[in-house]
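Undergrad: Kindly generate the corresponding structure for this input.
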Amino acid sequence: MLDFNKYNDVVQVKDYDGFIDRDGNYYKVVLRREKSYKDSHNIWAEKFLKEKIDIKNLKLNLNYSTIFKLIELKGPAEILINCLGFVYYSHDPIYYKPIVKIPNPKIFGKTVTDEQLDMLCNIMLCNKENIDIPILYGDTNEYEYCGLEDNQFDKKKKI
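TA: This is a model prediction of the structure:
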């Protein structure tokens with residue numbers, strides 16, 4: 001059963017992958033390290049869009065450029081991220097390193113909010129993860145971070 005409740009207590013959500021809305025509320029998608037992990041963010045996002053978002057009231061400037069941008073999005077999770085401004089927080093299924101995706105302002109003008117950054121950093125700190133990643137501080141034109149890059153660096157050092 002999918003959980004569409006909003007959470008703002010880091011202790012309640014630290015063991016879950018999920019989404020963070022623009023107000024810093026956390027939505028639990030799946031318990032980390034759970035076997036039914038595959039594509040869980042897209043499944044959750046699709047149901048959330050259908051059940052909780054009134055698509056008719058979604059304010060997008062529909063012109064040729066907007067339609068072209070919508071076509072480029074690769075699933076419901078990317079619609080939540082780039083059209084509605086959600087932040088994606090997950091972990092790779094092998095090393096359990098964090099994966100973070102923030103809105104790309106070039107798509108629909110949404111940027112990550114301070115409330116989202118606060119929630120994300122608090123969860124990552126609670127999970128003993130590195131928060132010194134460039135996408136959180138606007139130091140890059142990248143909008144996705146995969147902690148596996150850090151793991152590959154560690155492997156190279158050990159060799």
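Undergrad: Please enumerate the helices of this structure.
TA: For the chain, the helices defined by DSSP state H occupy 10-13, 40-52, 64-72, 76-82, 105-108, 114-126, 148-158.
Undergrad: Check those helices for me and report the most buried one.
TA: helix 76-82 (a mean of 24; mean count of other Cβ atoms under 10 Å). Bear in mind the C-beta positions are built from the backbone N, C-alpha and C, glycine included.
Undergrad: And that helix, what does it pack against?
TA: helix 40-52, strand 87-91, strand 98-101 (3 or more Cβ pairs under 8 Å, 6 or more residues apart in numbering; DSSP states H and E).
Undergrad: closest one to K110 among these?
TA: Nearest of the helices and strands packed on helix 76-82 to K110, taken as Cβ to Cβ: strand 87-91 at 10.2 Å.
Undergrad: what's the angle between the closest one and helix 40-52?
TA: Angle of strand 87-91 versus helix 40-52, following axes from the mean of the first three to the mean of the last three Cα atoms, to 10 degrees, is 140 degrees.
Undergrad: What lies in contact with strand 87-91?
TA: The contact list for strand 87-91 (Cβ atoms under 8 Å, 6 or more residues apart in numbering) reads 17-20, 29, 32-33, 41, 77, 80-81, 97-103, 112, 116, 120, 123, 147.
Undergrad: Where does pLDDT dip in this protein?
TA: 35-37, 55-71, 149-159 (pLDDT under 70).
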